[in-house]
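> Here's my sequence, what's the structure:
(chains A and B)
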Protein chains: 2
Amino acid sequence: MSKIFNFSAGPAIMPKEVLRQAQAELLDYQGSGMSVMEMSHRGDEYIAIQAEAEKNIRTLLGVSDAYHVLFLQGGATTEFALVPMNLLHPGQSADYTLSGAWGKKAVDEAKGIGKVNVIADTNAARPCRVPTPAELKETPGAAYLHITSNETISGAQWKTFPKSTAPLVADMSSDIASRVIDVNQFGLIYAGAQKNLGPSGVTVVIVRKDLAEGARKDIPSIFRYQTHAENESMLNTPPCFSIYLLMLVTRWIAKQGGVAAVQKINDAKAAKLYAAIDASQFYRGAANPAHRSTMNVTFTLPSEDLEKKFAKQAEAEGLKQLKGHRSVGGLRASIYNAFPAEGVDALVSFMREFEKKNG
Amino acid sequence: MSKIFNFSAGPAIMPKEVLRQAQAELLDYQGSGMSVMEMSHRGDEYIAIQAEAEKNIRTLLGVSDAYHVLFLQGGATTEFALVPMNLLHPGQSADYTLSGAWGKKAVDEAKGIGKVNVIADTNAARPCRVPTPAELKETPGAAYLHITSNETISGAQWKTFPKSTAPLVADMSSDIASRVIDVNQFGLIYAGAQKNLGPSGVTVVIVRKDLAEGARKDIPSIFRYQTHAENESMLNTPPCFSIYLLMLVTRWIAKQGGVAAVQKINDAKAAKLYAAIDASQFYRGAANPAHRSTMNVTFTLPSEDLEKKFAKQAEAEGLKQLKGHRSVGGLRASIYNAFPAEGVDALVSFMREFEKKNG
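Modelled structure (predicted):
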């Protein structure tokens, strides 16, 4: 295997020891003679896997019994529809903040389902940023307030969450389990697993039990959080292998010392990269320093041509997937939990060399 | 690894050589230095995987350019909602046949979405069977006619598909790619992958292009077949690893000689097992001989106690997951494409021995 560093924004790098364990037991899970992929989801072996996945999420994030932890399918993009379908009752409206491409997708889908008020829009702000809590004027009686905790594409991240009257709903796909949060601030959290929790194909939904219970009942049962809760995420066949990997990844996070320990490492990795950007006139951070993501470090070079050259040369040196998202350009280094510190060092060295030759 | 035979109804047994290849390249897909799970779904490597998966499905099943082949999430249970949401326009009704537990779930979900006519109901028939084409009285102007091509729980299978005026929609989760069919008879086919095509977490939808295009546009975009078609099943992050395994499994089916060759093997496996049942007064087939499934062989013993004893002793001898579905009891041997003929022989021997001791 060639030495590479995978800066992909998602699906993204996974802990090597998790992959090694999955490899070792791929044909024979703990002496069962079966792969996890081949097991009935109603069998004891698989039920234990999913139960541990839930327990690990609860322990790592501090999720109380007031919340359900669900394992669903379809990623955040499906939640963009499910959240308003469940929580936005006829006659109500929902508040949304729009701070980037993902927030916009959430707003666009919700608009087809019910009344939406975009109460803060920083999508066009450059440098990129999220709204400050002070900028938010909640609509009285709103069903919920929706935020995108980390905008993967722009690299802007909420550092303090708004204290809303309405239940706070957050798309945490790209920063769940990367920093300590107080789950009790939220009514609902959702996250596609494919950045910090595992492979694509499973979505974690943490929803306050009273919200799930009081949600709309006149929608298809497969789209109701309450039905999934009542069936312990086995209303339909779960994406068993993805959940198994999520279980292994959450076990790995616990082994690192939990989310607080992982956050320290993430902060240090991000700080090193932002310091390299700030130390130069050649590189420019794309996000407002107060809102800089610790997960997706976005930056630009003096010209598009140089950015292309940078991405191409970096790729050739094993620094993969640094090209920014096709919708915004620039460069992006996604440095999720599983991304190693030495990969950040390698990128910083490459940046210095590249500037010397092209600056 | 102990020698076992996995009769699970799904998630189910997968070809050993597929699992071995997945294992070999789990940490390093073809020299990329990355697992398939870690790759951007927009990268060339993964795009080639998904393209081959689609090509294989088209070749194996003979899917013409008049159809889209989509890779979605949520299994057949999600399709129970998506089919009527897409195809059942206001003012229309849809015809359903109800021949078992899965047909009933499809009907129940559709009823909450639009007007449903159950035009044939064989759910209570014993032995289990599906309606005969002659029993079907189509509703004039129906948006579509829905069938469950194989009822996994009861073990009843459509041998000849109805020639309907309305587009024929089939849940083929448990017998897709197990026998030759004429896709052109259908408006839409859907199947969770976890029986014949791969692990759980990916759903194959084959939909006639004009049906997708003419479908309802006033539903969330993530639930529209047309949006998925326009985005080549990348509207949201696909379940990449499940699709990769589906690609390997379809490649394996092609290597067996394609669906026609696999059907011959399936027919022989099923015939052997049904012959063992018919040769005895001790075992009784649960399905009408004319409708017997080649995928799920269901049978009963003289008493529930004997059935429990049978399942338990079989399990101890490595014949796993023979207990019938909790909703109907009895015994069930699921013998999908990847299930080896020697496993059928082992079961037949066990049945003879068990009858000798307990008959």
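
> I'd like to know which elements the biggest helix by length in chain A is packed against.
Ranked by number of residues, the top helix in chain A under DSSP state H is helix A:259-278. Counting by 3 or more C-beta pairs under 8 Å, 6 or more residues apart in numbering or on different chains; DSSP states H and E, the packing neighbours recorded for helix A:259-278 are strand A:284-285, strand A:296-300, helix A:341-358. C-betas here are computed from N, CA, C, even on glycine.

> Okay, angle between the second one and helix A:341-358 too, please.
For strand A:296-300 and helix A:341-358, the angle between their directions (axes from the mean of the first three to the mean of the last three C-alpha atoms, to 10 degrees) works out to 0 degrees.

> can you give me the offset of strand A:296-300 from its chain's centre?
17 Å (C-alpha atoms, centre = their mean, to the nearest Å).

> Give the buried residues for the helix or strand following that strand.
Note on strand A:296-300: by DSSP states H and E, the next helix or strand toward the C-terminus is helix A:304-316. Buried residues in helix A:304-316, counted by 16 or more other C-beta atoms under 10 Å in any protein chain shown: A:306, A:307, A:310, A:311, A:313, A:314.

> Residue B:44: which of these is nearest?
If you rank the buried residues of helix A:304-316 by distance to residue B:44 using C-beta to C-beta, residue A:311 comes first, at 14.3 Å.

> Contacts only, for the closest residue to that closest one other than its chain neighbours.
Leaving out its chain neighbours, the residue that sits closest to residue A:311 by C-beta to C-beta, 6 or more residues apart in numbering or on different chains is residue A:323, at 4.4 Å. Listed by C-beta atoms under 8 Å, 6 or more residues apart in numbering or on different chains, the contact partners of residue A:323 are A:307, A:311, A:331, A:332.

> what mean pLDDT would you report for the longest helix of chain A?
Average pLDDT, helix A:259-278: 98.

> Please point out which parts of that helix sit buried.
Those would be A:259, A:262, A:263, A:265, A:266, A:269, A:270, A:272, A:273, A:274, A:276, A:277, for helix A:259-278 by 16+ other C-beta under 10 Å.

> For residue A:284, see how far away the last one is.
It refers to residue A:277. According to C-beta to C-beta, to the nearest Å, residue A:277 and residue A:284 sit 7 Å apart.

> Mind listing the shared neighbours of these two?
Joint contacts of residue A:277 and residue A:284 (C-beta under 8 Å, 6+ apart) are residue A:299.

> And the contacts of residue A:323, which is closest to chain B?
residue A:332 (11.3 Å; C-beta to the nearest C-beta).

> what sits against the closest one?
Contacts of residue A:332 by C-beta under 8 Å, 6+ apart are A:7, A:9, A:153, A:155, A:296, A:297, A:298, A:299, A:322, A:323, A:324, A:325.

> what do you get for residue A:59?
A:254, A:258.

> any weak-confidence spans in chain A?
Regions of chain A meeting the criterion pLDDT under 70 cover residues A:1-2.

> hey, where'd the strands end up in it?
A:5-6, A:67-72, A:93-98, A:115-121, A:145-148, A:150-151, A:156-157, A:168-171, A:188-192, A:203-208, A:284-285, A:296-300, A:319-320, A:331-334 (DSSP state E).

> The fourth one pairs with which strands, and in what direction?
Pointing back at strand A:115-121 there. Sheet pairing of strand A:115-121 (DSSP bridges) gives strand A:93-98 (parallel).

> Likewise for the first one?
Here strand A:5-6 is paired, per DSSP bridges, with strand A:319-320 (parallel).

> All set now, cheers.
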